[in-house]
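Chemist: mind looking at a prediction? Sequence and model below.
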Amino acid sequence: MVSFDTKSYSKKLLHLISWSHWFTFFNIIAAIILSSYYLFSETAPDTLLGQIYLITTWVSHIAFLTFMSFVLILFPLTLVWPNTKVIRTSGSIIFTFGLLLLILDGFIYSRLGYHLNASSSSQIIELIKEIVETNSFFYIVSGMLAILILGFEFTLSNYAWKHLKQLQKTIFSRFVIVVLVLAFFFSHLTHIWADANLDYDVLRQDTVLPLSYPATAKTLLTKYGLFDIDNYIERTTSPLSFSRAISNYPQLSESQCSKTTVTTQSVFLILTDEQLNRGQLQQVERRISVANYQLNNHVDTALLDNSWFNLFYSLPSIYQKDIIAQQTKPLLFQAMEQQNLASSYTLISKKNDEGNSNALWFNDLFNEKIPVSYTHLTLPTNREV
C-alpha cells in the first residue's frame, strides 16, 4: 500500500509520474514514426475520405497503443515501487520491447499479410527460421537493433529527467495531444459511418494496423431508428457488383487457332449434377482412346448454373451477368466455329428435370442438344464437339 504521509514521498512520486508522462509522449512520437511503414504495406485509398481516415487512424491508434503501455505497466509500477533508478530503467526496457514488437509485427505483416497472433505462431516461427537459414547475420542485426533502440530509450529517459522543469513549461505538447485526441474520435466516427454505408475504401483498412478494432454502432443506431438493419443485411449479402463497366469479351481472329490438320476424332464433354455409377463411367471411358487426354477432374465450388460459366469462359461467376449480356461465345466455341466443327451436348437429367433443362443459358452455344434420362444413360453416336 502506498503511503502519502511525507511531503518528500509525494513530491518524489509526482516527479516520477510527470517524468513518465513526458517519456511516454516522446515514445508516442517514436512509435508513430516507426510505424509509418504500415502506410505503404497496402495500396493507397482511392477517395479523399479514405486517405484522411488512414492518416488519422494511424497516428491516433499507434498513440493509443503506446499510451496504454504506460497506463497498464509503467504507471502501476511507479505507484508500487517509486524508485527513480528502477522506474527509469524499467520504462526504457518496457518501451524498447514495445518498439521491437512493433518492428517485428510490421515485418511479419509485410511477409505474411497478418499481424502477430497466437493462432499463426507456427507460421511466424517457420518464417523466422527460413530467414535465419538464408541470412547468417540475422541475429547480429537483431541484436544491434535492440541495443540501438535501448540506447535511444535511455537517452530519452535521461533527457526527460534532466529537462523536466523546462518541458513542463512548454505548450507544444498540448497541441499535439489535442490533435491526437481529435484524430482518435474522427477515425472512429468515420468508421461507424463507413460501416453503416459499406464504404469499402475505409473498411478495407481495418486490418492494416495491429490490435485495431474500429468502432461500429449498428445496434445503437438501430435502437434509436437511425439505421435500417434489414437493408444493411440485404446489401452485405447481395452479389458483388462492379463500379464500372467491364471490358468486352475477346473475339477470336482468323489468324489465331488456325486449323493445320483435318479433325478425325471426337471430344466428349459430359456435364451432370448427379453422380455417375461405375458402369456409366466405363461406358464413357470405352469411347475414349488411350492415346488422348482425359480431363476428369474439373472441380468447382460454385452453384450449378455458375459452374458452367466458369468452365466455358474460364472466368469467375461474378462476370457471368455482364459477359452473357455481351452475347459473345466463349473462345472455345469461337474456335470450333472457325474450324467448321459441329457441336452437340448430351444432357443427363432426371425425367422431371427435363422441362427445366431448356432454360439453361448455354443451350444456344451448341448445334444440337440430346437429352438423356439419368436412369437409362446411353451415349450418342460419334459427334464432334
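Modeler: Thanks, I have the structure now.
Chemist: pLDDT on the one helix or strand residue 14 maps to, on average?
Modeler: For residue 14, the host element (DSSP states H and E) is helix 7-34. Mean pLDDT, computed over helix 7-34, is 89.
Chemist: distance from that helix to the middle of the chain?
Modeler: Helix 7-34 sits 37 Å away from the centroid of its parent chain (Cα atoms, centre = their mean, to the nearest Å).
Chemist: tell me which helix or strand comes right after that helix.
Modeler: helix 48-69.
Chemist: I'd like the mean pLDDT over the helix or strand following that next one, please.
Modeler: The helix or strand immediately downstream of helix 48-69 is helix 75-80, counting by DSSP H and E. Here helix 75-80 scores 90 as its mean pLDDT.
Chemist: what helices or strands is helix 75-80 leaning on?
Modeler: helix 7-34, helix 84-112 (3 or more Cβ pairs under 8 Å, 6 or more residues apart in numbering; DSSP states H and E). For the C-beta atoms, the positions are set from N, CA and C on the backbone; glycine is no exception.
Chemist: residue 42 is nearest to which of those helices?
Modeler: Residue 42 sits nearest to helix 84-112 of all those, at 9.5 Å, using Cβ to Cβ.
Chemist: coming back round to it: please convert the helices and strands packed on helix 75-80 to CSV, extending it with mean neighbour count.
Modeler: CSV is the format used below for the helices and strands packed on helix 75-80 (neighbours: other Cβ atoms under 10 Å):
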stretch, mean neighbour count
helix 7-34, 17
helix 84-112, 17
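Chemist: for residue 51, find the nearest of those.
Modeler: helix 7-34 (17.0 Å).
Chemist: just the buried residues of stretch 111-131, please?
Modeler: 115, 116, 124, 128 (16 or more other Cβ atoms under 10 Å).
Chemist: ignore what I typed, I meant stretch 33-47.
Modeler: So, applying 16+ other Cβ under 10 Å, buried residues of stretch 33-47: 34, 35, 38, 45.
Chemist: contacts for it, please.
Modeler: 51, 53-54, 58, 62, 99, 102-103, 106, 109-110, 201-202, 204-205, 208-209 (Cβ atoms under 8 Å, 6 or more residues apart in numbering).
Chemist: what's the first-to-last distance across it?
Modeler: End-to-end distance of stretch 33-47 (Cα to Cα, to the nearest Å): 24 Å.
Chemist: ok now it, how far from the chain's centre?
Modeler: On Cα atoms, centre = their mean, the centre of stretch 33-47 falls 14 Å from that of its chain.
Chemist: of the helices and strands packed on helix 75-80, which approaches residue 181 most closely?
Modeler: helix 7-34 (12.2 Å).
Chemist: any idea of the angle that closest one forms with helix 48-69?
Modeler: 150 degrees (axes from the mean of the first three to the mean of the last three Cα atoms, to 10 degrees).
Chemist: domains for this structure, by residue range?
Modeler: 7-235, 278-376 (automatic domain parsing).
Chemist: I'd like the average pLDDT over the shortest one.
Modeler: This means domain 278-376. 70.
Chemist: circling back: as JSON lines, the buried residues of stretch 33-47 with distance to residue 279 would be great.
Modeler: As requested, these are exported to JSON lines (distance: Cβ to Cβ, whole Å):
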{"residue": "34", "distance to residue 279": "68"}
{"residue": "35", "distance to residue 279": "65"}
{"residue": "38", "distance to residue 279": "60"}
{"residue": "45", "distance to residue 279": "59"}
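Chemist: show me which of those is closest to residue 190.
Modeler: Using Cβ to Cβ, those come closest to residue 190 at residue 45, 11.6 Å.
Chemist: look up phi and psi at the closest one.
Modeler: The phi and psi torsions at residue 45 (degrees, to the nearest 10) take the values phi -60, psi 150.
Chemist: any idea how far it lies from residue 199?
Modeler: In this view, residue 45 and residue 199 are 10 Å apart by Cβ to Cβ, to the nearest Å.
Chemist: SS state for residue 346?
Modeler: strand (DSSP: H, G, I helix; E, B strand; the rest coil).
Chemist: wait, it sits on residue 368?
Modeler: No. With contact defined as Cβ atoms under 8 Å, residue 346 does not count as touching residue 368 (9.6 Å).
Chemist: with neighbour numbers in mind, choose between these two.
Modeler: Between residue 346 and residue 368, counted using other Cβ atoms under 10 Å, residue 346 has the larger neighbour count: 21 against 11.
Chemist: show me where pLDDT drops low in the stretch 1-150 of the chain?
Modeler: Counting by pLDDT under 70, the stretch 1-150 of the chain shows low-confidence ranges at 1-7.
Chemist: good, we can wrap up now.
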